[in-house]
Structure formats: C-alpha cells, structure tokens
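Undergrad: Below is the structure, and that's it, no one-letter string:
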C-alpha cells in the first residue's frame, strides 16, 4: 500500500512540475516585456538627458523587421502648437547588442492634415518629423508631403520669442513653413523647413530613414502590450491636446479625410463641411463620419476624367469602398468601413464654386445613404430616388448657408444636379407635358447656367 | 507680449471633443475588418468582377496568441492570396477579439464579400464554394464547425457594390426634351 502511494506521489509531482513548467512558458513573454521596460527605465535614468520624465506606464514595445526591440514612451508637448497642428512626441529607446540607445522623435502634422486625419499614417503624412538626441540636440528632420520626403527640415531653439524675432532676417526668409512651440521652461522652438537651402532638389538627409522608423507601430496595440510590428503603415494616434488649450472652432471632423490637392477642390471641401455650418447635410455627414470615435472613414480624393463616365463630376468609388456591420457578434447595427469619394480633378475645378460644393454635398450624401443601407441600383428605392424625394431641398438649404447671396430659386435647382435619371425627374417632365406648361423645365434651367459658367462664382481654376 | 503669445498659442490649439471612448476590442475589430475589407479592390482582378465570395480563414496562433500562419479555404479566389500575410503583418491582437474560450489556438473567421449587382442581386462564382470549397483547406483537414476544436468568430460580411454609382451629372438638351413648344 505504501509502495503504491509513493508511485502515485511521484506521478503527481511530475504532473505538477509539468503544469508549472507550462505555465512559466506561457507567462514568460509578458514578464520579459516588463523586465525590458524596467531595464530601459533604469538606463534612461542613468544616462545624461535633458528630456523630461515621460509616462512609463504608457510604454510600448515594438519589434522591427530585423527583430530589434524598441521601447517607445509618449512624451507629448506640454503647451501644444500654434496653427492648430497635431503632434506626436516620443522617447524611443532601442535595445542593441551593445546595450540601449535612445532619441527623441517629433512628428508635427500640417494643420490641414491634423484637421482631417485622426491619426498619423506614414503613407500619406504631410508635415514635419525629426529626431533629437536625449540632450535635445537636433539630429535631422524632414518635411513630408503625402508620405514622401520633400525637403530637409530644421528645428531651431531660441531662448525666447524675442530672440527668435531678432534672428537674422535672411535665415527667416528661407523658412517656407514654420510652426512654433513654447515649452514649460520658456524655451522657444521653431519647427520649420528651409526651401532655399536645397530647393527641394537635393537629397540632404534623404538617405537617412524616416525619423519615425522604429518608433511608430502597433497602432491598435495596448500600452505595455505585446511587441507590435513597428513599421509598415501603422497608424499612431495624435498625442492628447494639452489641458490648458482652448479651441476657437471645435471640430469633430476627424475621419473625413481630405486627400485633395487641387486648391479649388480643397476650398470647396472646406466650404461644404465647415465646422461652423448648421445645415442638415453637414450636420448629418459630420455627425456620422466625423469624431475621434467614428468607425467609418470617408476619403475624398481626386481622379482624372478617364476614370469617370462622360459628364460625371464625382462618384462613390465602387471598387475600393467596403462596409460591414458595426456589431460583428450580432451582424447588426449601422455599417462601418471605408468609403472613397472620387472627384473629377479635370472637370470639376473648372466649374463655378456653387457646382463644386453641390457635387461634394451630393457625393457626401451617397456615403451617408450607403451607410444607412440604401443601395445604388435598386428599382424604385435607390439612392438617387431618395435624394430627389428627400434631400434636394436639403442641398438647397446647405447651399444657401454656404453662399448667402445665392437665390432660393438657384439653390433649389442646383439641389437636383445629377438626378436627371430619376423617376421623379421624368415624372416632373411628364407633368409639364400634361399641364402644357414648362414649370419644371424653368425650375431646373439655372443648372444649365451654372454648369456652363454663365452664373455663379468662378472658382479661379482652369 | 509673451502672455499674448501664450494666449494665442492656447487659442489656436485645437482640442477635439471626445465622445464615449471605444473599447479596445472594438478598435481591433475595426482594424482587422479594414484590412480584410481593403482586399475588395483585388477582387476586381477576377474574371467575374461583380461576383460575391465566401471563404473561411483558419488562423493558427502561437503561445503568445500571435498568428503564426493563416490558411484560406479553397473557395477563396486567387486575388485574395495576399490577405494572410497582411493579417499576420498587422499583428492583430486575436486574443482581444476572442470574447470567450481564450485558450483556443485555432481560430475560424468566416469571410463573405457580398457585392451588390444591378438591381441589388448577388452572384456567386460557383455553387461548389458552398458545397465544399469553403470547408476545405490545404492542410487536408475538412472544416467542421466544432467549437471544441476551434474558436469560431462571427461571420465578417464585407458589403461592396458593382453598381454604377453615378449617372451623367451635367445636363444636356435630352434632359429637357419633353419641353412643350
């Protein structure tokens, strides 16, 4: 009996040891991550640095393609930037074979990019990015346009604003774009880039990796979570705005992405979806697609005429747009995903501003109606029929708010732009025929004047 | 002057009003869904450009819950061959997406690309996709929806359209031809 008990005991011990061993393996990685962050923290405390104390609770571990582990710790600006720019500032510590090394990563988006992108994305980023060492010595920086390096950037620090203003005028003449930042202890730093130095043609620091290389990644990861991929095209949310900042124009438009280069299209986009507008279309579109927590993106972009059927000024892209249910578990709720709106960059900018804005409103409504589950090509109940029945007058209201001098007659006519294939259009024409008048034809006639440029505000683009 | 400058900096800095914060798993669903959804454009390389496709993705996780490999069922069209690598590279936090039974290491993600055709109909390229293709994988194992073996995600339906989304917008004389003279 005793012998049997000893065998059982030995067996039981084996089972326990096996279980313990398995459990240790299971949790070895998270412990290793904690240790790595702890080691990095000790190293940071030991090396000379003038960067302040970051929030180590928010430390993230990234792993690049060569399996180098990098710890990034958020170190946001304390006083924000002028021009409404959004930024990301991180202390980046890499573990190499010889030990740790670190730098400060700074990313500053152009105000327009900040306005329409809720996060930094390397592939389309427009703005400045640079690196400092941990003693705030500037290393290198670049200015990017749509993800491509355009110019080398120079970040200069002054003792105060007065010193900046008194700096050599010749130097300042070269600054093509600049943004400024005042930090907590009164140092005045100008983030800018100089066109005159290389006129955009030289390589400058172009052979160096993008400053964010190895420091951005795992956009969906959680603080202290597993190693992210650290590269490719990960999104990185902007740093939180400082608590002491005020917003003269609160805006929720963050997931309406303006990928438009043409100045007339850009201006019309801003006019159509301006944060101050109160009309129904702007409210509905921005309310649905804007906001940090909106989970549907609408991307407005340019395409050449060859991508459109003749006479089409803009369209909902049926190749790349995709939607799915919000509530995946129950296959229910509104639809979410990405919607691409293509604008005809060859034809639309030539039209009067009123026509460009109408087209943007019309296409924005397509995005809204599709998200609501309305199909494009159904008989009777489809998007254009719904626009004719319920939204033509809402477009007119929006146009009158955007262009206060536009008459009600003209704005109501423009509300019907692009709806001539609807049953309701035909029905109105038949009514004219039956009534032996041309009421609808007269009603719609201003559209011809606007599209031919006989009426309206010239866009200034050809 | 300095105070004025500070006030200006403060006034010009945008602070976005945040509504209720999204849960981390919701954000991860969106990230994963967008990666799958973006493959929609590659489906245009198929001979049938307005077809809908059904498939299952079999996701093998390692001990750290990272996807080691992903197999697509035989019903997946060739143009989706890049999807597994993209999902792996995206380092999706699969554990976060598993609402229960987080110990499972093989996950099944049913994916439907549903494309609206003219009139609102859908067209599938082959009935065999429903009969066998969506249950067969290159590892030779026939998929049975067995929750004791796999973690089975709810179906991810990607809605797309092949419909003409815009007619001619500019007016011409034909649009006004019913005019009574």
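TA: Happy to help now that I have it. Computed from a predicted structure; not experimentally measured. Residues are numbered from 1 along each chain as shown, chains lettered A, B, ... in the order given.
Undergrad: so what's residue 72 up against?
TA: If you meant another chain, say so; for now it's chain A. For residue A:72, the residues meeting the contact criterion (CB atoms under 8 Å, 6 or more residues apart in numbering or on different chains) are A:59, A:60, A:62, A:90, A:91, A:92, A:93, A:105, A:215, A:216. For glycine as for every other residue, the C-beta is placed from the backbone atoms N, C-alpha and C.
Undergrad: Hmm, no, I was thinking of chain B.
TA: For residue B:72, the residues meeting the contact criterion (CB under 8 Å, 6+ apart) are B:55, B:56, B:57, B:58, B:80, B:81, B:83, B:84, B:137.
Undergrad: can you pull up the bridge partners for it?
TA: Counting by DSSP bridges, residue B:72 is bridged to residue B:57.
Undergrad: how far away is it from residue B:155?
TA: Look at residue B:72 and residue B:155: by CB to CB, to the nearest Å, they are 15 Å apart.
Undergrad: Counting neighbours, what do you get for the nearest residue to residue A:422 once chain neighbours are set aside?
TA: Spatial nearest neighbour of residue A:422, chain neighbours left out: residue A:388 (4.6 Å); criterion: CB to CB, 6 or more residues apart in numbering or on different chains. Applying other CB atoms under 10 Å in any protein chain shown, we find 21 other residues in the vicinity of residue A:388.
Undergrad: was I right about residue A:388 contacting residue A:426?
TA: No: taking CB atoms under 8 Å as the contact criterion, residue A:388 and residue A:426 are not neighbours in contact, 10.4 Å apart.
Undergrad: Give the rounded mean pLDDT of stretch A:283-298.
TA: Here stretch A:283-298 scores 71 as its mean pLDDT.
Undergrad: Assign a three-state SS to residue A:35, would you?
TA: Secondary structure state of residue A:35, per DSSP: H, G, I helix; E, B strand; the rest coil, is helix.
Undergrad: Are we agreed that residue A:325 is in a helix?
TA: No: if the criterion is three-state DSSP, then residue A:325 is strand and not within a helix.
Undergrad: and it, how many residues sit next to it?
TA: 21.
Undergrad: could you measure it against residue A:419, distance?
TA: For residue A:325, the distance to residue A:419 equals 30 Å [CB to CB].
Undergrad: Can you mark which positions in stretch A:448-455 are buried?
TA: Taking 16 or more other CB atoms under 10 Å in any protein chain shown as the neighbour-count basis, stretch A:448-455 is seen to contain the buried residues A:448, A:450, A:451, A:455.
Undergrad: which of these come close to chain B?
TA: Among the buried residues of stretch A:448-455, the residues lying close to chain B (CB under 8 Å from any CB of the partner chain) are A:448, A:451.
Undergrad: Given the biggest strand by length in chain B, what are its sheet partners and their directions?
TA: Among the elements of type strand in chain B, defined by DSSP state E, the one spanning the most residues is strand B:106-116. Taking DSSP bridges as the criterion, strand B:106-116 forms sheet pairs with strand B:53-61 (antiparallel), strand B:151-152 (parallel), strand B:156-161 (parallel).
Undergrad: What's the mean pLDDT across the longest one?
TA: If I follow you right, that is strand B:53-61. Per-residue pLDDT values over strand B:53-61 give a mean of 96.
Undergrad: any weak-confidence spans in the stretch 251-400 of chain A?
TA: Along the stretch 251-400 of chain A, the model assigns pLDDT under 70 to residues A:251-255, A:290-295, A:328-334.
Undergrad: Pull up the distance across stretch A:66-78, start to finish.
TA: Distance between the two ends of stretch A:66-78: 34 Å, counting by CA to CA, to the nearest Å.
Undergrad: swap that for stretch A:270-282, sorry
TA: First residue to last in stretch A:270-282 (CA to CA) measures 11 Å.
Undergrad: so how far is it off the chain centroid?
TA: On the basis of CA atoms, centre = their mean, to the nearest Å, the separation between the geometric centre of stretch A:270-282 and that of its chain is 19 Å.
Undergrad: same thing with stretch B:74-89?
TA: Shown here is stretch B:74-89, whose average C-alpha point lies 12 Å from the average C-alpha point of the whole chain (CA atoms, centre = their mean).
Undergrad: do the same with stretch A:338-356
TA: Relative to the chain's own centre, stretch A:338-356 is displaced by 20 Å; criterion: CA atoms, centre = their mean.
Undergrad: mind listing what's buried in it?
TA: Buried residues in stretch A:338-356, counted by 16+ other CB under 10 Å: A:338-345, A:347-349, A:351-356.
Undergrad: do the same with stretch A:33-52
TA: In stretch A:33-52, residues buried by neighbour count (16+ other CB under 10 Å) are A:33, A:36, A:37, A:40, A:41, A:43, A:44, A:49, A:51.
Undergrad: returning to what we had before: which helices and strands does the helix or strand following the longest strand of chain B pack with?
TA: Using DSSP states H and E, the helix or strand that follows strand B:106-116 towards the C-terminus is helix B:128-131. Helices and strands in packing contact with helix B:128-131 are listed as strand B:53-61; criterion 3 or more CB pairs under 8 Å, 6 or more residues apart in numbering or on different chains; DSSP states H and E.
Undergrad: and the strand it packs on, which residues are buried?
TA: Residues of strand B:53-61 classed as buried under the neighbour-count rule (16+ other CB under 10 Å) are B:53, B:54, B:55, B:56, B:57, B:58, B:59, B:61.
Undergrad: can you tell if stretch A:33-50 touches chain B?
TA: No: in terms of CB under 8 Å from any CB, no part of stretch A:33-50 sits within range of chain B; the closest distance is 10.3 Å.
Undergrad: So which residues make contact with that stretch?
TA: Stretch A:33-50 has contacts (CB under 8 Å, 6+ apart) with A:56, A:59, A:61, A:69, A:71, A:91, A:93, A:95, A:99-100, A:102, A:134-136, A:224, A:226-227.
Undergrad: Likewise for stretch B:64-71?
TA: Contacts of stretch B:64-71 from elsewhere in the structure, counted by CB under 8 Å, 6+ apart, are A:29, A:226, B:57-62, B:83-84, B:87-88, B:91-95, B:105, B:137-139.
Undergrad: for that stretch, the distance to its chain's centre please.
TA: Taking the mean C-alpha point of stretch B:64-71 and that of its whole chain, the gap between them comes to 18 Å (CA atoms, centre = their mean).
Undergrad: And the helices in the stretch 251-400 of chain A?
TA: For the stretch 251-400 of chain A, helices defined by DSSP state H, counting those that start in this stretch occupy the ranges A:263-272, A:280-289, A:353-371, A:383-386, A:392-402.
Undergrad: Can you name every helix or strand that the fourth one contacts?
TA: Here helix A:383-386 is seen to pack against helix A:353-371 when contacts are counted using 3+ CB pairs under 8 Å, 6+ apart.
Undergrad: Check whether the helix it packs on comes near chain B.
TA: Yes: using CB under 8 Å from any CB, helix A:353-371 reaches chain B at A:359, A:362, A:366, A:370.
Undergrad: can I assume the first one is in contact with residue A:313?
TA: Yes: using CB under 8 Å as the test, residue A:359 is close enough to residue A:313 to be in contact (4.7 Å).
Undergrad: Common neighbours of these two, please.
TA: Taking CB under 8 Å, 6+ apart as the contact criterion, the common neighbours of residue A:359 and residue A:313 are A:343, A:348, A:351, A:418, B:169.
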